[in-house]
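>>> Dropping the sequence and predicted coords here.
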Amino acid sequence: MEYQIVFLDIDGTLINEEKIIPPDTLEAIQELQKNKIEVVFATGRAHYYFDELAKQCGIDSYVSCNGAYVVYQGTTIYDRPIPTKTLDQLQQIAAQHDHPILFQGSTAGFSTHKQHPYLDWTFQQLKLDSPDHNADFAHSENIYHALLFTPDAHEALLPHANYVTRHVDDGGISHGLRHIGLMK
């Protein structure tokens, strides 16, 4: 099988807990690019949360906001905002449980809460500045991703995975690419 494109997640795949791209990961990306295999980010993040990483890797194509906003070689090729009615419904349900929402538009992200433990913890883990508060942001521009912050339970999904690569600091990208035959 001949691959022409590889999609990489960012958190825990491209970057480690310190939000650093390990040298072997950068080398793997460069090897793919040298071999004319396009490398694309595929992430829940909006581009303004990973622009510097993209520059560092020489990547100008990405699937962001979990697929709602796609850029190929610097040009937006897909743009599907969430309907305002859906955002209003989400905001009503979240308010009932005091869960914050991060609304990600094309130019910025804003939270429904000025401060909240789930939101604060998440952005501390990402080593990003917490978003500003603007409860009306969902009505001011197109929203491509709405993150509802709740307690984390992703570890329970691991038994259902077909393959789990190594940790990012243990050659995760290189190991995964070798597993599928893209690197020797």
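Ah, there it is.

>>> rest of the way, CA atoms for contacts and neighbours
Will do.

>>> what packs against the worst-scoring helix or strand of the chain on mean pLDDT?
Least confident helix or strand of the chain, by mean pLDDT, DSSP states H and E, is helix 172-179 with a mean of 79. Counting contacts by 3 or more Cα pairs under 8 Å, 6 or more residues apart in numbering; DSSP states H and E, helix 172-179 is packed against helix 23-34.

>>> Quick one: distance of the helix or strand following the helix it packs on to the chain centre.
Heading C-terminal from helix 23-34, the first helix or strand you meet, by DSSP states H and E, is strand 38-42. Taking the mean of its C-alpha atoms, strand 38-42 sits 12 Å from the chain's own mean (Cα atoms, centre = their mean, to the nearest Å).

>>> Strand 38-42 versus helix 23-34: what angle between them?
130 degrees (axes from the mean of the first three to the mean of the last three Cα atoms, to 10 degrees).

>>> Could you give me the buried positions within the next helix or strand after strand 38-42?
Sequence-wise, the next helix or strand downstream of strand 38-42 (DSSP H and E) is helix 51-57. If you call a residue buried by 16 or more other Cα atoms under 10 Å, then helix 51-57 has these buried ones: 53-54, 57.

>>> what does the least confident helix or strand of the chain contact?
Contacts to helix 172-179, defined as Cα atoms under 8 Å, 6 or more residues apart in numbering, come from residues 13-14, 24-25, 28, 165-166, 183-184.

>>> JSON lines for those, including distance to Lys34, pLDDT and neighbour count?
Shown next, in JSON lines, are those (distance: Cα to Cα, whole Å; pLDDT from 0 to 100; neighbours: other Cα atoms under 10 Å):
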{"residue": "Thr13", "distance to Lys34": "21", "pLDDT": "88", "neighbour count": "20"}
{"residue": "Leu14", "distance to Lys34": "18", "pLDDT": "93", "neighbour count": "22"}
{"residue": "Asp24", "distance to Lys34": "15", "pLDDT": "94", "neighbour count": "16"}
{"residue": "Thr25", "distance to Lys34": "14", "pLDDT": "94", "neighbour count": "22"}
{"residue": "Ala28", "distance to Lys34": "10", "pLDDT": "95", "neighbour count": "18"}
{"residue": "Thr165", "distance to Lys34": "23", "pLDDT": "72", "neighbour count": "15"}
{"residue": "Arg166", "distance to Lys34": "24", "pLDDT": "76", "neighbour count": "14"}
{"residue": "Met183", "distance to Lys34": "12", "pLDDT": "77", "neighbour count": "13"}
{"residue": "Lys184", "distance to Lys34": "14", "pLDDT": "77", "neighbour count": "9"}
